[in-house]
Structures are given as structure tokens and as C-alpha cells.
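Trainee: Sequence and predicted model, in that order:
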Amino acid sequence: MEIINLFGVAGLIILVGFIGEWIFEKTNIPDALFLLLLGIILGQFAGSENIELLYKFGPIFTTFALIFILFEGVLSTDIKKLAGGIAEGTSLAFLNLLLSFFVVSITMTIAGWPFWESLMLGAILADSAQAVIIPLMKKIKIGSQALIALTFESAISDVFTIVGTLTIINIILMKSFSLSSVLQTVIYSFVFAIIAGAVAAFIWVKVLPFLDRFSKSYMTTIAVVLLLYAGVESLKANGALACLTFGLIVGNSSKIYHLIKKESDYHMASSAKFFYSEISFFLKTFFFVYLGLIIDLKETKLMLLGALLASLLFFARPIAVFLSHRNAKVEPKDIVDMQILNPKGLSAAVLAQVPMQYGLGKGFPTVVLSAIVTSILLMILFVFLSEKGIYKGILVPKHLIGGKQGSAKHL
């Protein structure tokens, strides 16, 4: 592709990304759909040589997209509210993971796929798209308790999907399964990553007041995120989780110090969060277009399989919500919203590329992309039906039906 054409396409992609976000704000239709569609259209004119180049250099871009979006995505997360929703959010995320394991592994095994690869795909599709869910929750006025639970679920589901996928890859590569070995690996990966991210964050919070005097100080934080990821990964732990922990603490440093009754010299400025959100927008925009470019429309069976998996997971979701909130004091509509708001997104799309680096998961990108599009379309449809009072959910706890739960205040 000529340089002039490349710049023209890049400008078009950014404009479509901006317009897509504006449409999302007005209509609740996620911008990812427009970006994927643009990528699919561009892919028809890209040529096989350019697509091969994308496959070659894609892992570098997708890895950076994952770690940076995880970092930026939690900068504005209120750690107090997050702590309040830990129990319900964690149980919902864990039950959703188990449900995804069960539904996907059985469906894929019946379809003739290897068991461990089927289980890996289940881990990938347990993702919950934070970038889609959080803005949408603000628009449909979901109850505060449900909002906190979904916020925490969307944050921790990234961790579950990442750790689950990488653990299964390790099991396949080792060609053996030892529960104690897997548990040790998972615990080490979790604990070391969290400690490393927290230590790096508290040290960096002390350094930032000095660096803020300089005009390029925001970039140094990105440098630390990259160094943190590389260092933690080199020690065989989860670098993405370390970056998520780092972002959560740096973004909430003043609140954390206030909780432990100590003064903090640093508070992340809104201009810094704005700067990082712009980079996140850039990465997200090009990433979804990249996914559209590499999707193979000729693989009809794989696309139908992805759509089937997304549909099965969507209609199985009420089981996880019911089990995690069967005694909760929330509005019936909040239960319905929690059942609906579980689209697949960026983490699933990124993780679908990872197994291919090890010669595994052939066809995963197409299946996962189809599942992402289907899950978003189902969410849009059922949000509309719910807001109109047509859809009233499945497995809504009996004590909520016909009752008024005044304790669930709406934001």
C-alpha cells in the first residue's frame, strides 16, 4: 500500500472511530460494530500480502493494546465503590467463567474440536467488555448496587480470561495436567503480579510529583507500564494483571492514602486521564479495524459457530446472575440489566490472537470476532426491549417479582 493511501486510510479510521463514539452516546449502539465493519470492507481491498504483514506484526500491537487499555480502563474506577461490590462482582465473574467453560467446551467438543482448546475458548469468551458496558450503564440508569457489581465483574473478568487462557496454553504445551502445579502457577501469577503492580505504583506515586514539573511527564508513566509488563512477564507472572493493579492504585492514590490516614503529594490530574483516554481511543479504534481486516468471511462455518456460542452464552447468563444475586435487594429491572449487559469485547479479541503464537487455536480469531459482533447485537436488541418494558428477564428471584425494592437507588 502506498504511503499516501495509508495516511488517507488512517485518517478515515480515526474519523469513523470518533463518529462511532458519538453515535454510541446518542443511540447506545457500540462503536466497535462500525469499526469492525470498516475493517471488513478495507480487508476486501487490502490484498493478501498486506494481510500477511498484519498477521506478522499484529501480536506486537495487540499486546500493547491489551496492557494499555487495561491500565487506562481502571484509572477512573472508584476504588471505594469497587471494594463495595467485590463479593457480588467476584461471584458473578467466577460463575460467568464456569458457565462459559461449560457451554463452550461442550459445544466445541461436539463440533469436533480438541477438549483443551475448547476449554481455552471458554476462558476467552468469559470476557465482559468494560468499554461497552460502563458508558451504557450510565445511559439506562441502572441501580447503584448493580452498577458496582457489573463494574467489578467487568474489571475482574479480564483477569480471569487472561489467567485462564494462559494457564490452559501452559497445560497444552506441557502435555500433562497436574492440579497442584496449575494452582501454584495461577497463585504465583496472580499474587506476584498484584504485588509487583502495587509496589511499582506506590513507588511511582512518590516520583510523579517531581516529574509533573516537566512537559513530557505523562509519557514516563507509559514507559513504566511497559517496563512493568516486560519485567513481570519475564518472571513468568501475569504482566497484564500487574498493569491493571498499577493503574488502579495510581488512579486512586489520594483515596488510598486517605483511607490509611496518610497524606499524598500526588493526585492524578484530569488532564492526565484525558491524555491516556485519547491514546486508549486511538488503540481501540485501530484494533477493532485490525480485527475486521483479518476476519475471513469465507469461513462461514466458523462465523456461524461464533454466533451460536454467543447466543448460547447470552441465554445462559441469567443462571449466573440468579445464583450470585438470589438474595440481593435490588430492583427487578436491575437483575434484567445484569442479565443483558455481558457483551464480549477487546480482551476476548486480543486473547484470540495469543494461542496462534504457539500454534494453537486455529480459527479462534474468526470464531471470537463473530461472537463479539453477535453478543453486541443481542445486547443492543434486548436493552431496547427491556427499556420498552417488553423483555422482563429470565430467572428473576421470586422475592423481587411484584415487590418494590426501595433500597436500590438509581444513579
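Mentor: Yep, that arrived.
Trainee: show me where the stretch 101-250 of the chain has helices.
Mentor: Taking DSSP state H, counting those that start in this stretch to define them, one finds helices in the stretch 101-250 of the chain at 115-124, 130-140, 144-174, 179-211, 217-234, 239-251.
Trainee: helices and strands around the third one, which ones?
Mentor: The elements that helix 144-174 packs onto, with contact taken as 3 or more CB pairs under 8 Å, 6 or more residues apart in numbering; DSSP states H and E, are helix 79-84, helix 86-110, helix 115-124, helix 130-140, helix 179-211, helix 239-251, helix 332-340, helix 346-351. No exception for glycine: its C-beta is placed from N, CA and C like everyone else's.
Trainee: buried ones in that helix?
Mentor: Across helix 144-174, burial judged by 16 or more other CB atoms under 10 Å covers 144-172.
Trainee: what stretches of the stretch 101-250 of the chain score poorly on pLDDT?
Mentor: For the stretch 101-250 of the chain, the stretches with pLDDT under 70 are 130-132, 134-136, 138-139, 144, 155, 175-179, 182, 215.
Trainee: still on that earlier bit, minimum distance to W22: which of the helices and strands packed on helix 144-174 has it?
Mentor: Nearest to W22 among those is helix 130-140 (12.0 Å), distances taken as CB to CB.
Trainee: Would you agree F152 is in contact with A93?
Mentor: Yes: assessed by CB atoms under 8 Å, F152 is found in contact with A93 at 7.5 Å.
Trainee: Quick check: Y391 vs L378, distance?
Mentor: 11 Å (CB to CB, to the nearest Å).
Trainee: Same question for M356.
Mentor: On the measure of CB to CB, M356 and L378 end up 27 Å apart.
Trainee: Looking at these two, which one has more neighbours?
Mentor: Neighbours were tallied for M356 and for L378 using other CB atoms under 10 Å; the higher tally belongs to L378 (20 against 16).
Trainee: In contact with the closest residue to that one other than its chain neighbours: list those residues for me.
Mentor: Nearest non-adjacent residue to L378, counting by CB to CB, 6 or more residues apart in numbering: F314, 4.9 Å away. Contact partners of F314, counting by CB atoms under 8 Å, 6 or more residues apart in numbering, are N342, S375, L378, M379.
Trainee: wait, which of those is closest to V199?
Mentor: Nearest to V199 out of these is N342 (CB to CB; 33.3 Å).
Trainee: Which secondary structure state does that closest one sit in?
Mentor: Three-state assignment for N342 (DSSP: H, G, I helix; E, B strand; the rest coil): coil.
Trainee: can you count the residues close to it?
Mentor: N342, neighbours per other CB under 10 Å, totals 27.
Trainee: Kindly report the same for the one 4 residues further on.
Mentor: Neighbour count for L346, taken as other CB under 10 Å: 27.
Trainee: Serialize the contacts of F314 to a markdown table and add fields for secondary structure, pLDDT and distance to L66.
Mentor: Putting the contacts of F314 into a markdown table (DSSP: H, G, I helix; E, B strand; the rest coil; pLDDT from 0 to 100; distance: CB to CB, whole Å) gives the following:
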| residue | secondary structure | pLDDT | distance to L66 |
| --- | --- | --- | --- |
| N342 | coil | 84 | 20 |
| S375 | helix | 89 | 19 |
| L378 | helix | 88 | 24 |
| M379 | helix | 84 | 22 |
